[in-house]
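Student: model the structure of this input:
(2 chains)
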Amino acid sequence: MQPYRGSKTTLCAGCGHNAISERVIHAFYEMGIEPSRVIKLSGIGCSSKSPAYFLGGSHGFNGVHGRMPSIGTGAVIANQQMIAVGTSGDGDTGAIGIGQFVHLMRRNLPIIYIIEDNGCYGLTKGQFSPTADVGSKLKTGVVNDLPPIDTCALAIELGASFVARSFSGDKKQLTAVLKAALSHRGTAMLDVISPCVTFNDHVGSTKSYAYARDHDEPLGEIDFIPYFQDIDVEYEAGSSHLVKMHDGSQLLLKKLEAEYDPTDRLEAMRILHETSRRGEFATGVIYVEPDKEDFIELLNLVDEPLATLPLERVRPPKAVLDEIMEELR
Amino acid sequence: MSPTGVAVQDAAASQPARQIVNDFNIQVATVNGSGSQTANMVLFRSIFQMGIPVSGKNLFPSNIAGLPTWYTIRTSKDGYVARKREIDVLVAMNNETARDDVMGLEPGATVVYDEPMQLAALRDDLIFYPVPFDKIVAQVCPDAKLRRLVRNMIYDGVLARLFDIDMAQVETALNKQLGRKVKALALNQAAMKGGYDYATEHLTKQDPFVLESMGGSGDKILIDGNAAGALGSLMAGVTVVAWYPITPSSSLCETLIDYLRKYRIDKETGKATFAVVQAEDEVAAIGMTLGAGWAGARAMTSTSGPGISLMAEFTGLGYYAEVPAVIFDVQRVGPSTGLPTRTAQGDILSTALLSHGDTKHLLLLPSSMAECYSMAIEAFDLAERFQTPVFVMSDLDLGMNAWVSEPFECPTEPPDRGKLLDAETLKRLGEWGRYRDVDGDGIAYRSLPGDGMPAYFCRGSGHDGDAGYSERADDYENNLNRLARKFETARSVVPGPVTEREGDGKVGVLAYGSTHWAVVESCDQLAREAALAPRYLRLRAFPFTDELTAFIDRCDRVYVVEQNRDAQMLSLMRMEMSPERIAKLRSVLHYGGLPIDARSITDAILAGEGHALAPANGDLKT
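Tutor: Numbers count the residues shown, from 1 in each chain, chains lettered A, B, ... in the order given. Model (predicted):
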């Protein structure tokens, strides 16, 4: 278990982000993924510190504010054999990084992209971020008057192939969602409500523990059956939905609304808008498209990592240069 | 031919007493989007094929169609390829600019013009050749819709006749330019012949200009600096390219994409040994480049000034976290949007010190097509050897204009991948820390994701020798000092300067990049006009090497010639030099957006040396 753990956290006691790090450690361990096969990436902010606190045996890159998607894109195309997990925050994603977030979703790069969403800037002492709800109140009494960005709805709109929302306080659901994300080929976008105990956990905040517990609206129960467990899944059609993930794992979504189909984009958007109108937030795997072409396939890359291709495969022979010189005469 | 044309021709010209052979320039004034580029390139290529030293400068607007554009072709038997200010032959095709173009000519210049513009009435000290382009094109191109596309080819025929260009060469050039486009080829041939025949029948040679073959082009090539940089990147074994379109750098990545698709698809699998991503902006482009470089790819991006500004924050990350990246900066005129289609050397200072905090970056300064190629290869080696971003500082003049060059050499050395940790090194070191200076050269060993070596946490925040987060003063200082040591190591590894002229040392000249060609010509002017013997050192990289200080010590005064307002390279020197050396430095600056010319340099140095200036245009047609 040791290489799955990271260094000691420096985040506040009770921070939702630490619970997420714990879930990441468990999900990767239970899926049997060697930390040395993982690259972990982040931007700037409290959320972006967290890769230091999980998977100590993995390569990490803590880049600049809001630009983790581009570093991740470069790293993954340089070595597609690595499993990439990025952690970002609601400011890092929704404000300074919204441009890179948008284009990451469009490209369907194979990466797990976790937004540790607390609706505020923790590291600069509690200013609102773009995911804060209208009417949500800061400790100082300042009320947010701009509409929030729903990162899940945005991601679906942009063509993301795996979109989930969860809550740092829901161990079971978050673990299942993370495992499903690990089985997905393409971008797995996880918005995890992760309360900031220091700046945004008071009455009047819509990102507090109490508010999240009261307004969390799970779409149903999630059972994740990894590809290496040979289990025949039996489920009741109508209120359950079975999704076959790309690696052969199965995602069983139980007790759903009868008509809800997580592979239907329109349904996913409907659920997000309906729950949001009620002041709730839907959690679970909201949308999944297991077979969508990912960015590596789109680029038609050779199977080996580009980073370490031998010289004879990356430098054309002298005859090629001679041929080009002849064309230029 | 209009009566006016005849009258002025007769007045202006008695038969020229002497010929000017292979030593004049031609400026073609057209409207952009009118297909003039084919005609200009055919003319340029014909002269190239005759073995005459030739250069071409495209002066174009930041626009797709409808605005004035000028293309200048300079022939020089002595091999001068810098821009020359004075125009000897004007081909006036654009009604909007024709009057100004004609009024700006020196007496005795020649004008080929579209007859209805009636330019001959403007001046009586020029030689005019009116040509009825519309009539000729109507005769040679029956399809009215296609006439616009071939009309410009007529002036190639006229000029071929006037200057005695071998028609076989023009045919060859046209074939090369249009390749397999059979129908276009036939139409253009007809237009060219139409022009040639018209000139034969109706124009009497009155100008002194003649082109004579100098034995063919041998194995020389015609290329622009962006294509040369692309070829260098291809041969360097680039694997990841992330870019965002911007003039004047776009064609670098576009040419590279063409070469990669042709030569870097695995034959067995049909799959690519490269990835190209058109990013959402320059910030993402450099971010992808650094991400790929961190993961071990040979990664690059290409941009111009505005993109460099956007890349500042990430460049600081690359410097501090020590991640290799190659960045081509094809400089254009700033600040801000500036003049996007004009040339400058205006990013030197900001790029050398790009990003906040204490940062210094390696710059390579190509002057020629051969160096745009070879320095691309060197940049990848330096980036990995020093684990840092490396900038190749090209400019619009080098990048987008066609230049004659010797063919490029295939690299014989394998790529320098730098200090990559492996089992043997790990055993030797006993204990590894990502940022520990075990060799004393400031360069530490790095591991790559997936290489089986110990992992580390790469970060732009404060870190210690083992890449652990640290805010300790001693850790920070040790790291900064090591980075400075690394930069010192680079001093003896980057391409050294080249002594282009030995001279007597009274007058020293320092220059770099595309400025070189005007300096070479200026040195000859200074010798001819003022019996000066300048010593000329051409810089090829930042950081500066010891040869620079030695050079300054061996000169009485040193003129630093560059294409920006604020003497940027001189300012960089000022940061490193002793006061006695700084006291010797003078500046020659040129920053109007047009490529620098020799005359401007010569006049500035003559003035600096207390010489009376030569009469205006003293070297013209003397």
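
Student: any idea what residue 111 is bridged to?
Tutor: Assuming you mean chain A. residue A:187 (DSSP bridges).

Student: that answer is for a different chain, and I need it for chain B
Tutor: residue B:90, residue B:128.

Student: near it, how many other residues are there?
Tutor: Using other Cβ atoms under 10 Å in any protein chain shown, residue B:111 has 25 neighbouring residues. For the C-beta atoms, the positions are set from N, CA and C on the backbone; glycine is no exception.

Student: residues contacting it?
Tutor: Applying Cβ atoms under 8 Å, 6 or more residues apart in numbering or on different chains to residue B:111 gives the contacts B:89-92, B:102, B:105, B:119-120, B:126-129.

Student: out of those, which are buried?
Tutor: In the contacts of residue B:111, burial by neighbour count holds for B:89-92, B:102, B:105, B:119-120, B:126-129, counting by 16 or more other Cβ atoms under 10 Å in any protein chain shown.

Student: would you turn these into a markdown table with pLDDT?
Tutor: Shown next, in a markdown table, are those (pLDDT from 0 to 100):
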| residue | pLDDT |
| --- | --- |
| B:89 | 98 |
| B:90 | 98 |
| B:91 | 98 |
| B:92 | 97 |
| B:102 | 97 |
| B:105 | 97 |
| B:119 | 97 |
| B:120 | 96 |
| B:126 | 98 |
| B:127 | 98 |
| B:128 | 98 |
| B:129 | 98 |
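
Student: pick out whichever of these sits closest to residue A:54.
Tutor: residue B:91 (69.3 Å; Cβ to Cβ).

Student: now the closest one: how far from chain A?
Tutor: Noted for residue B:91: a distance of 26 Å to chain A, by Cβ to the nearest Cβ, to the nearest Å.

Student: in space, what's closest to that residue - neighbours in sequence excluded?
Tutor: In space, and not counting its chain neighbours, residue B:91 is closest to residue B:28: 4.3 Å by Cβ to Cβ, 6 or more residues apart in numbering or on different chains.

Student: tell me what the helix or strand hosting that neighbour is packed against?
Tutor: Using DSSP states H and E, residue B:28 sits in strand B:23-31. Here strand B:23-31 touches helix B:36-49, strand B:68-76, strand B:89-92, helix B:95-103, going by 3 or more Cβ pairs under 8 Å, 6 or more residues apart in numbering or on different chains; DSSP states H and E.

Student: among the ones you listed, which comes closest to residue B:491?
Tutor: Short answer: strand B:68-76, nearest of these by Cβ to Cβ, at 36.7 Å.

Student: list the buried residues of the lengthiest helix in chain A.
Tutor: Secondary structure of chain A per DSSP state H: the longest helix is helix A:16-30. Using 16+ other Cβ under 10 Å as the burial criterion, the residues of helix A:16-30 that qualify are A:16-28.

Student: can you list the low-confidence ranges for chain B?
Tutor: For chain B, the stretches with pLDDT under 70 are B:1-17, B:613-622.

Student: tell me how it divides into domains.
Tutor: Annotated domains of chain B cover B:3-210, B:223-405, B:423-491, B:498-608 [automatic domain parsing].

Student: so which of those domains is the most surrounded?
Tutor: Ranked by mean neighbour count, the domains of chain B are led by domain B:223-405 with a mean of 24 (mean count of other Cβ atoms under 10 Å in any protein chain shown).

Student: in chain A, which spans are strands?
Tutor: A:38-42, A:59-62, A:83-89, A:111-117, A:120-121, A:127-128, A:162-167, A:187-193, A:216-218, A:221-225, A:241-244, A:250-254, A:281-288 (DSSP state E).

Student: which one of the ones you listed lies closest to residue B:278?
Tutor: Nearest of these (Cβ to Cβ): strand A:187-193, 18.1 Å.

Student: pLDDT (mean, whole number) over the closest one?
Tutor: Strand A:187-193 carries an average pLDDT of 98.

Student: centre of the chain to that strand, how far?
Tutor: Distance of strand A:187-193 from the chain centroid (Cα atoms, centre = their mean, to the nearest Å) equals 3 Å.

Student: for stretch A:194-201, same thing?
Tutor: In terms of Cα atoms, centre = their mean, the centre of stretch A:194-201 is set 20 Å apart from its chain centre.

Student: and what of stretch A:112-129?
Tutor: How far stretch A:112-129 lies from its chain's middle: 15 Å, per Cα atoms, centre = their mean.

Student: check which residues of that stretch are buried.
Tutor: A:112-123, A:126, A:128-129.
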